[in-house]
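Peer 1: Okay, structure incoming, though there's no sequence with it:
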């Protein structure tokens, strides 16, 4: 029997709120279209309230959107996506548009991206610097790796949404090769989620493929990534793909070295090691997905708007993980008891 822990209906019912009940009713097998319309209106109104700055609405909106976006039950998938699209339409009205008064050349566009990355990427965050310099304790590294799991284990599914939106066969082939590598090529045990699972096991964490986040900032980060990959305007998804996948070798090499310094084996840390060698040759090929679209001013605007929004939610997320890391103390890797990957400390498990 399949695990239903990350199915939408049980999660919505557990919230015991009126809006969650409305959404749950719309996802039932015999729900009428009127129920779907009511749910769409309810979610849209909540999104409007959340994005107008109402804190309680924001927390509930992100939680409901997370359940609709990333649950595992395929029977409700089409209805959940339809509902999400209503929320996305509202949300994207509130995202500040990038300032691109005139079309940029490829060199100018790349310089603009590099400027954004240089000033705002996760590599510059104090938490990253703390880990890179070898200051993080084993307990703190576990916090980071637990959060890495949430960012990674479903990424292939989200990237597949971007693939569906690439109508050019050559573009689709380029992203298909990326997914082929992400999933281990000819050997599924070497898929990136499985390699990360091996690393979690080495630090006494469970690699939970049904894990459900309870950290509000993490939920917002994941929701933004899903929305971007699903956007039919592929500039949104390619921006997030670029920053999360192509710009990683230096970051992962430093993380790899930090784990070795903390006493982990090269085999245990293989997830990070392969990104150091695998990504640079892949990046040149996958940049063509972006480069061929640069002459289109609308693409430039979508890409840069999405990139800036990604950095906004990522900064809030990294701030939250950094605070979580600073709160913990603990034994060495060899002394620790096994904890599930979705078990955070009390601070990050607050209700959303």
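Peer 2: Done, it's in. Since the structure is predicted, the reported quantities are computational estimates derived from the model, not experimental observations.
Peer 1: which residue ranges form the helices in the stretch 151-300 of the chain?
Peer 2: Applying DSSP state H, counting those that start in this stretch to the stretch 151-300 of the chain gives helices spanning 155-165, 169-182, 192-202, 216-230, 234-241, 249-261, 270-291, 297-326.
Peer 1: between those, which gets the lowest average pLDDT?
Peer 2: Lowest mean pLDDT within the helices of the stretch 151-300 of the chain: helix 270-291, at a mean of 79.
Peer 1: would JSON lines of the helices of the stretch 151-300 of the chain with distance to residue 62 and mean neighbour count be doable?
Peer 2: Every residue, glycine included, has its C-beta placed from N, CA and C. As requested, the helices of the stretch 151-300 of the chain are arranged in JSON lines below (distance: least, CB to CB, whole Å; neighbours: other CB atoms under 10 Å):
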{"stretch": "helix 155-165", "distance to residue 62": "16", "mean neighbour count": "17"}
{"stretch": "helix 169-182", "distance to residue 62": "26", "mean neighbour count": "15"}
{"stretch": "helix 192-202", "distance to residue 62": "24", "mean neighbour count": "19"}
{"stretch": "helix 216-230", "distance to residue 62": "5", "mean neighbour count": "24"}
{"stretch": "helix 234-241", "distance to residue 62": "17", "mean neighbour count": "26"}
{"stretch": "helix 249-261", "distance to residue 62": "26", "mean neighbour count": "18"}
{"stretch": "helix 270-291", "distance to residue 62": "28", "mean neighbour count": "16"}
{"stretch": "helix 297-326", "distance to residue 62": "10", "mean neighbour count": "20"}
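Peer 1: Tell me which of the ones you listed lies nearest to residue 59.
Peer 2: Residue 59 lies closest, by CB to CB, to one member of these: helix 216-230, at 6.0 Å.
Peer 1: What are the contacting residues of that closest one?
Peer 2: Helix 216-230 is contacted by residues 59, 62-63, 65-66, 69-70, 81, 84, 88, 91-92, 147, 150-151, 158-159, 161-162, 165, 213, 236-237, 239-241, 244, 306, 309-310, 313-314, 316-317, 319-321, 350, 352 when judged by CB atoms under 8 Å, 6 or more residues apart in numbering.
Peer 1: try 6 Å
Peer 2: Contact with helix 216-230 is made by 62, 65-66, 69, 88, 150, 158, 161-162, 213, 236-237, 240, 306, 313, 316-317, 320, 352, as judged by CB atoms under 6 Å, 6 or more residues apart in numbering.
Peer 1: what does stretch 84-96 give?
Peer 2: Stretch 84-96 has contacts (CB under 6 Å, 6+ apart) with 40, 43, 44, 47, 48, 51, 65, 68, 69, 227, 309.
Peer 1: can I assume the fourth one sits in a helix?
Peer 2: Same thing as residue 47. Yes - according to DSSP: H, G, I helix; E, B strand; the rest coil, residue 47 belongs to a helix.
Peer 1: Look up how far residue 265 lies from the closest residue in space to residue 235 that isn't next to it in sequence.
Peer 2: Nearest-residue entry for residue 235: residue 302, 2.9 Å, with adjacent residues in sequence omitted and distances by CB to CB, 6 or more residues apart in numbering. As judged by CB to CB, to the nearest Å, residue 302 and residue 265 stand 43 Å apart.
Peer 1: Residue 62 too?
Peer 2: In terms of CB to CB, residue 62 sits 38 Å off from residue 265.
Peer 1: same check, this time on residue 160
Peer 2: Distance from residue 160 to residue 265, by CB to CB: 32 Å.
Peer 1: Would you mind giving the helices of the stretch 151-300 of the chain as CSV with distance to residue 75 added?
Peer 2: Output for the helices of the stretch 151-300 of the chain, formatted as CSV (distance: least, CB to CB, whole Å):
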stretch, distance to residue 75
helix 155-165, 16
helix 169-182, 24
helix 192-202, 23
helix 216-230, 19
helix 234-241, 26
helix 249-261, 37
helix 270-291, 32
helix 297-326, 30
